[in-house]
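A.B. asks: okay, sequence plus prediction incoming.
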Amino acid sequence: MSRRGDGVFRCGAKWGFALRLDTTERPRRQLLRRGFPREQDAQAAKLHVLMLVEEGRRHGDRGRRKVGDLVFDWPRNRPELPTIEEIRRLLGARRDPRQAAPTLGEWLGTWLRTKRYKKETSQVNWRHQVEAYLVPHLGDVPLDELWVEDLADMLDRVEARNEVIRECRAAGRSVPPDPRDPRKVHRVTGPAAQRHMFTTLSGALEAAVEAGYISRNPCRLRAARDLLPEVEEAEAAAWSADQVVTFLDHVRDDRLAPLLELVLLYGLRRGEACGLRWADLDLDTGRLAVRRQLVYLGGRVVESTPKTKRSRRELTLDPDTVAVLRQHRRSVARERLLAGEAYADRDLVFGRPDGSPTPPYEVTFRFQALAREAGLPVIKLHEARHTAATLGLRAGVSAKVMSQRLGHSSPAFTTARYQHVLAEMDAEAAAAVGALVPRRRAEETGS
């Protein structure tokens, strides 16, 4: 063995180097590594170790010792040393560089626990995405090894499962079990659901970047975004003014008629209507405030905040609607007297006869049943909200005011969402102006 003054030495046909480093166990511990095929390889490895140690010093005594521990584990427990950027990221996040990154499944569990103070509806949705899709398909992948190819494999497997479900449904057969599909009810995972899954994963990976586990979120790469299917938004159905009148006349004696009127004329979401309290109504001034909503989660009705900040809003009611609500209040008072002590007084405007909350899905079923009875096209209850928007725009209400009344994020969203209505109104306006100023055609004048 021939040594040189810089710590690099030759050992037979190979090369090595020696250094003394501080570790958690003891200071000035000798690091001896050999087996490099060339002298420059040994020099490069030694320089890299010194640069790692210097980066550790920048993070104090703890960082210096952690780097020393890491280097002495190499190459026995890890085939190669991390880069300077990786060490800087790990130490900056106060992570032990010797510890392997968690799997994606482990990290998703940690990430979900950080969301425990978020809205319950959001927590349930995130947990569903994690348990139904992300963990079954990607849970075993080390977090720092996850890449675009893994995302592509997941989406390919989801689409393959979709084909199985479609074939079974078409043939009237039960869907066979799949270890990667733990859902109790097997439905096709459409483009919107796949994008929701992707958004949940991206949020968890962004938190992993902030925590120092990974340096980059693969979901934010263009190659990953290009994997997602396009969502084709079908134009929402809406009733005409005459159809709304027909419906309201038909349901006049139904106990949910006032609720359905608020959806059809004022665009309340069904959860907002179900969560409405008498304290939110001022019938003397004709004002209604949207402050909460009811949602159905895990077999129970849960009170939650409105969908967005702009969903918190106040609306002015027309005199006819105020009269309907006054009559409804008298009906609720009679129900309360009949129920006696069994009445669960929650101040709900549209509770059940015993005062308990009305599940939003019951409103949907009742609405569609009443539409069939009235001989009208059966539309979704959310399309009744679209009906309110369409009627308002056709009545000449500006997109800005309709946006505020519907609780949309911005007037631009309202304009884009109902562009087809505005285009029809534009054509009607052009025809009206033309009719107001009749002109003879050029060929009739001989010019």
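C.D. replies: Looks like it came in fine.
A.B. asks: tell me if Gly35 really is in a strand.
C.D. replies: Yes. Applying DSSP: H, G, I helix; E, B strand; the rest coil, one finds Gly35 inside a strand.
A.B. asks: which residues of the protein score low on pLDDT?
C.D. replies: For the chain, applying pLDDT under 70 flags the ranges 1-5, 76-79, 422, 425, 439-447.
A.B. asks: switch the cut-off to 50
C.D. replies: When residues are selected by pLDDT under 50, those of the chain lie in 447.
A.B. asks: domain boundaries for it, per the record?
C.D. replies: Taking automatic domain parsing as the reference, the chain has its domains at 2-92, 104-225, 241-431.
A.B. asks: could I get those in JSON lines, plus columns for distance to Ala234 and mean neighbour count?
C.D. replies: In this view, the C-beta of every residue, glycine as well, is placed from N, C-alpha and C. Below are those laid out as JSON lines (distance: least, Cβ to Cβ, whole Å; neighbours: other Cβ atoms under 10 Å):
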{"stretch": "domain 2-92", "distance to Ala234": "45", "mean neighbour count": "15"}
{"stretch": "domain 104-225", "distance to Ala234": "12", "mean neighbour count": "16"}
{"stretch": "domain 241-431", "distance to Ala234": "11", "mean neighbour count": "16"}
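A.B. asks: closest one to Pro438 among those domains?
C.D. replies: Closest to Pro438 of the domains of the chain, according to Cβ to Cβ: domain 241-431, at 12.2 Å.
A.B. asks: so which of the domains of the chain comes closest to Val231?
C.D. replies: Evaluated over the domains of the chain, closeness to Val231 peaks at domain 104-225, with 4.6 Å, by Cβ to Cβ.
A.B. asks: nearest the geometric middle of the chain, what residue?
C.D. replies: In the chain, the centroid-proximal residue (Cα atoms, centre = their mean) is His196; its distance is 5.4 Å.
A.B. asks: restrict the helix or strand hosting it to CA atoms and write it as CSV.
C.D. replies: Element membership of His196 [criterion: DSSP states H and E] is helix 191-210. Listed next in CSV are the C-alpha coordinates belonging to helix 191-210 (Å, rounded to 0.1, in the frame of the first residue of the first chain):
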residue,chain,number,x,y,z
PRO,A,191,-62.4,11.7,-16.1
ALA,A,192,-63.6,14.1,-13.3
ALA,A,193,-62.9,11.5,-10.6
GLN,A,194,-59.4,10.8,-12.1
ARG,A,195,-58.6,14.5,-12.0
HIS,A,196,-59.8,14.7,-8.4
MET,A,197,-57.6,11.8,-7.5
PHE,A,198,-54.7,13.5,-9.2
THR,A,199,-55.3,16.7,-7.3
THR,A,200,-55.4,15.0,-4.0
LEU,A,201,-52.1,13.3,-4.7
SER,A,202,-50.5,16.5,-5.9
GLY,A,203,-51.5,18.2,-2.7
ALA,A,204,-49.9,15.5,-0.6
LEU,A,205,-46.7,15.6,-2.7
GLU,A,206,-46.5,19.3,-2.4
ALA,A,207,-46.6,18.9,1.4
ALA,A,208,-43.8,16.3,1.0
VAL,A,209,-41.7,18.9,-0.8
GLU,A,210,-42.2,21.4,2.0
